[in-house]
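Asks: quick one, fold the following:
(2 chains)
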Amino acid sequence: MNRAADQPEPNPLREGLSARAVPQPCTIVIFGATGDLTHRKLVPALYNLAADGDLPPAVEIVGFARRPKNDDEFRRELEEATRNFSRQTVRDEIWKNFAQSIFYHQSEFEDESGYKALAKRLDEIDKNHGTRGNRLFYFAASPDQFEPILKHLKAADLNQTRKGSWARVIVEKPFGTDLASARELNRIIRNSFSEEQTYRIDHFLGKETAQNILVLRFANAIFAPLWNRHYVDHVQITAAETLGVENRAGYYEHAGALRDMVQNHLLQLLCLVAMEPPTDLSADSIRDEKVKVVRSLRHWSRNEIAANVVRAQYSKGAINGEPVVGYRQEKNVNPDSQTETFVALRLYIDNWRWADVPIYMRVGKRLPKSATDISIHFKEAPAVLFNKDLRALNVLVIRIQPDEGISLTIHAKVPGTSFRIEPVKMDFHYGTSFGKASPEAYERLLLDAMSGDATLFARRDEVEQAWAFIDPIEEAWHAKKDAPELFFYPAGSWGPEAADDLLAGDGRAWRRL
Amino acid sequence: MPAIAETYSLGLPVEVSKIDQELKKLWQESQGAATRASLVNLAVYSENAGSLNKNTQLMAKITENHACRAIVIEADCKAQENRVESWISAHCHVSRAGSKQVCSEQISFLLRGGCTTLLPSIVFSHLDSDLPFYLWWQEEFCDPMDPQLWAWVDRVIYDSQGWEDFSAQMHLLESAEQEANQRIVLCDLNWTRLDNVRFALAQFFDHPASHHHFAKINSVRIDFAPGFRSTAVLFAGWLAAQLNWQGEKTEAANKFSFVSSSGRKLDVELHERPGEPIGEVALATPEVEFLVAHAKCGDLLEVSRGNPGEKRTPQLMPAAKNDPVSLMSEELMRGGPHHVYLHAVNRVRDLL
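Replies: Just a heads-up that it's a prediction; the model follows:
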């Protein structure tokens, strides 16, 4: 979205060719290179960028991991993964060319000599491949490995930049498990890399529709006057998935839906919906406004939490007609687990624009369908004229996934001699209007990190403020005395009744998805 | 609903005065099985006999990625009889979002005789309201240009590759643009043809440390296919405009010189060779050569730099396809004015 402050002099031959910041030559070092993320997302994303001609000529990839293997073995593994997970078919000649830029560096994360060897290897790559000393370190390893990796990167001077070059670090979520651990993680990162060098990735922000929220709000004058407490009745944000815990039980048992989804993805979406217009499109202008939203969230006291936050866990049920087990019966899950797989919240943004407008969020696993969307429910028209018996609201829906698009429900007269009024939906589908498929979120975000554009990455204060909102809820849930109830819902339902009651008490209902 | 099901025919013959009614019927008959989509009015005009069918096929492909209201016009200005025929149809394809069919409407006109002067009125009556109007003009432009028509056009798309007299044609277009208060964007498919090669060459210079090479470029070689000299000259014009080179008087058609802002002389040589419109481009300094060449497999570019004659490992980048559907799709993806194109034209106008 913006050009970073350290963006180099523009290339005159680029004029008119590309509206985005130009990614720069670099070496991408992936820690945790043999893991799922690298195989399913990162390397397929880099391949797609190469196939579309969006990668600069000198981008080299070094996989850093423990298992012994050579460059060729690593390339073969990645080729297979890319053929399975790439959004476009892998072409042999492009892969062959792309694979030449992939290398494997075997080392334990705690082994200092491994980093010294890495530094030498990166220097050689710079010399032979024109990567100009630019390094992008991608942390795809588990968070408990971050500290030794960062410490050794620093010891090997790999966090230092030479004149005219840069070093950046991309950190995958979770950014801590609470405010204290997030602060500690940020402290550890800051010991080696400055905030400007740190890119905290939240792939939701790389989605086309998430980016389109800002365009919808700030490029369409019709919505701006309505986007406030005077016209908005309430906002709903839903992130539903049909999948269960799958093979993530080890992580999920400790995280739960609140930490896994609400603290990052859903609050990020809320920020985009609720933020004030930024002064410009620079990364910090946008993030300044986003953090104000999180800072304005009303914090619930311990005894208010049960009335405003519902937690639940799926029990056995059926998804698409197929019976599925309950959460506690899933592999590697404690049979007495108290982990929530569903959360519904009512929250308020205590600022001038949104005072007293309820924001309802729900997120859950094993729900009837997979869908993430945001809906803005506008206030009723005055109860005179046509509106005497009309209870439905105008609703603007922003569909994040799948079937990305925007719809607006308005009222229209049903043809005929009587005055019957029904809601009708004006619907915009990305897939219908724009034939070209959007790039994957990781493609966009990797390119942004190579360009030095941090707009779509979370800043330290955003992350910490989000934890400051989440922590009291987690503490209440884990209190030994008077902890709010954990409800249960059958897999394939829309969550427990308590979630419906949360809205029913306000005279509202969840939008039917 | 035959008109919707068939994607390559002109569809249902209709009276001009009943086009709107018949289009409504077309959608009613689809009973919600298809979604109408439109982002732009795209009219294509040709005087070639048989162009209606040919352009219908092109529109069927173009609308797969660019939902629009297509208006396909074939005019036979020399015909004795004065007649207008029209058809309606829809190009449907399954959307990537799901199983629902997404359809773009097409209205086709065959104009014969004096009625060809009615072109503006025919087009205006059938524009999808509030959407921009792109006119793809497949003929040479004639004097006088119809001001009524040009006042409505947002983007005029043409291919200068086939023009016999570039200066005269460009003069007509620029006059029309002036009459429309510079509102029309001139979109030359011959320029679009250069996009990928320009992109491939530009990326050599993204890092500021490589900018010093600009001041050392002493020769440019451009290989072009027969019939694509103007494409090669446009490319040279682009380099000259962006790098601030001024043209020098030249006698040879395919060898000319520029002078850089520091007074250094640069030679540009064009070589005609069978193959892709622009087969190879080489920019040379005394130290290094920057090369963009079509790979043997055709749809990729090999991009490399190094000393002349040394073995290099090229990077592969996508190459543009030189067919009308690909060129139009590429052009329709872009927005905004084409200032860079006009700057390029101005540097080599006399050579085109």
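
Asks: all contacts plus neighbour counts: C-alpha atoms, from now on.
Replies: OK.

Asks: residue contacts, residue A:29?
Replies: A:61, A:62, A:63, A:64, A:135, A:136, A:137, A:138 (Cα atoms under 8 Å, 6 or more residues apart in numbering or on different chains).

Asks: please save the CA atoms from the host helix or strand of it in PDB.
Replies: Here residue A:29 sits within strand A:26-31, counting by DSSP states H and E. Extracted in PDB, the C-alpha atoms of strand A:26-31 (Å, rounded to 0.1, in the frame of the first residue of the first chain):
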ATOM      1  CA  CYS A  26      17.200 -10.800  -1.100                       C
ATOM      2  CA  THR A  27      17.800 -14.200   0.500                       C
ATOM      3  CA  ILE A  28      14.900 -15.600   2.300                       C
ATOM      4  CA  VAL A  29      16.000 -17.800   5.200                       C
ATOM      5  CA  ILE A  30      13.200 -20.100   6.500                       C
ATOM      6  CA  PHE A  31      13.600 -21.500  10.000                       C
END
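
Asks: near chain A, which residues of the stretch 151-300 of chain B show up?
Replies: B:195, B:198-199, B:201-208, B:211, B:239, B:242-243 (Cα under 8 Å from any Cα of the partner chain).

Asks: and the residues you listed, which are buried?
Replies: B:195, B:198-199, B:201-207, B:211, B:239, B:242-243 (16 or more other Cα atoms under 10 Å in any protein chain shown).

Asks: could you identify the least confident member of these?
Replies: Lowest pLDDT of these: residue B:207, 82.

Asks: gap between it and residue A:17?
Replies: 16 Å (Cα to Cα, to the nearest Å).

Asks: got it, and residue B:337?
Replies: Counting by Cα to Cα - residue B:337 and residue A:17 are separated by 12 Å.

Asks: repeat that for residue B:41.
Replies: 24 Å.

Asks: quick check, central residue of the chain?
Replies: No chain specified, so I'll use chain A. Nearest residue to the geometric centre of chain A (Cα atoms, centre = their mean): residue A:204, 2.8 Å.

Asks: please go with chain B instead
Replies: So for chain B, Cα atoms, centre = their mean, it's residue B:189, sitting 2.3 Å from the centre.

Asks: wait, that one touches residue B:157, no?
Replies: Yes - Residue B:189 is within contact range of residue B:157, at 7.0 Å (criterion: Cα atoms under 8 Å).

Asks: can you give the domain ranges for chain B?
Replies: Domain assignment for chain B, taken from automatic domain parsing, gives B:5-139, B:192-351.

Asks: need the ones you listed in CSV (columns: distance to residue A:356).
Replies: Shown next, in CSV, are the domains of chain B (distance: least, Cα to Cα, whole Å):
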stretch, distance to residue A:356
domain B:5-139, 37
domain B:192-351, 42
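
Asks: compare the mean pLDDT across those domains and name the weakest.
Replies: Taking the mean pLDDT of these, domain B:5-139 comes last: a mean of 84.

Asks: show me the shaky parts of chain A.
Replies: By pLDDT under 70, the low-scoring segments of chain A are A:1-8, A:19-20, A:387-392, A:435-436.

Asks: redo that, cut-off 50
Replies: In the predicted model, chain A carries pLDDT under 50 at residues A:1-5.

Asks: where do the strands sit along the stretch 51-200 of chain B?
Replies: B:69-76, B:83-94, B:101-112, B:133-137, B:155-158, B:185-188 (DSSP state E, counting those that start in this stretch).

Asks: what's the neighbour count on residue A:239?
Replies: For residue A:239, the neighbour count with other Cα atoms under 10 Å in any protein chain shown is 23.

Asks: for residue B:256, same thing?
Replies: Count around residue B:256 with other Cα under 10 Å applied: 18.

Asks: returning to that earlier point: the buried ones among the residues of the stretch 151-300 of chain B next to chain A into JSON lines, with extra columns for secondary structure?
Replies: Converted to JSON lines, those look like this (DSSP: H, G, I helix; E, B strand; the rest coil):
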{"residue": "B:195", "secondary structure": "helix"}
{"residue": "B:198", "secondary structure": "helix"}
{"residue": "B:199", "secondary structure": "helix"}
{"residue": "B:201", "secondary structure": "helix"}
{"residue": "B:202", "secondary structure": "helix"}
{"residue": "B:203", "secondary structure": "helix"}
{"residue": "B:204", "secondary structure": "helix"}
{"residue": "B:205", "secondary structure": "helix"}
{"residue": "B:206", "secondary structure": "coil"}
{"residue": "B:207", "secondary structure": "coil"}
{"residue": "B:211", "secondary structure": "helix"}
{"residue": "B:239", "secondary structure": "helix"}
{"residue": "B:242", "secondary structure": "helix"}
{"residue": "B:243", "secondary structure": "helix"}
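
Asks: near chain B, which residues of the stretch 1-150 of chain A show up?
Replies: A:8-17, A:22, A:24-25, A:50-53, A:56-57, A:94, A:97.

Asks: could you flag which of the residues you listed are buried?
Replies: By 16+ other Cα under 10 Å, the residues of the stretch 1-150 of chain A next to chain B give A:8, A:11-14, A:16, A:22, A:24-25, A:50-51, A:53, A:56-57, A:94 as buried.

Asks: so which of the residues you listed belong to strands?
Replies: Residues of those located in strands (DSSP state E): none.

Asks: could you list which of the residues you listed belong to helices?
Replies: Among those, the members falling in helices (DSSP state H) are A:50, A:51, A:94.

Asks: and the residue in the stretch 101-250 of chain A positioned nearest to chain B, helix, strand or coil?
Replies: Closest to chain B within the stretch 101-250 of chain A is residue A:164: 8.5 Å, counting by Cα to the nearest Cα. Following three-state DSSP, we place residue A:164 in the coil state.

Asks: how far away is it from residue A:62?
Replies: In terms of Cα to Cα, residue A:164 sits 22 Å off from residue A:62.
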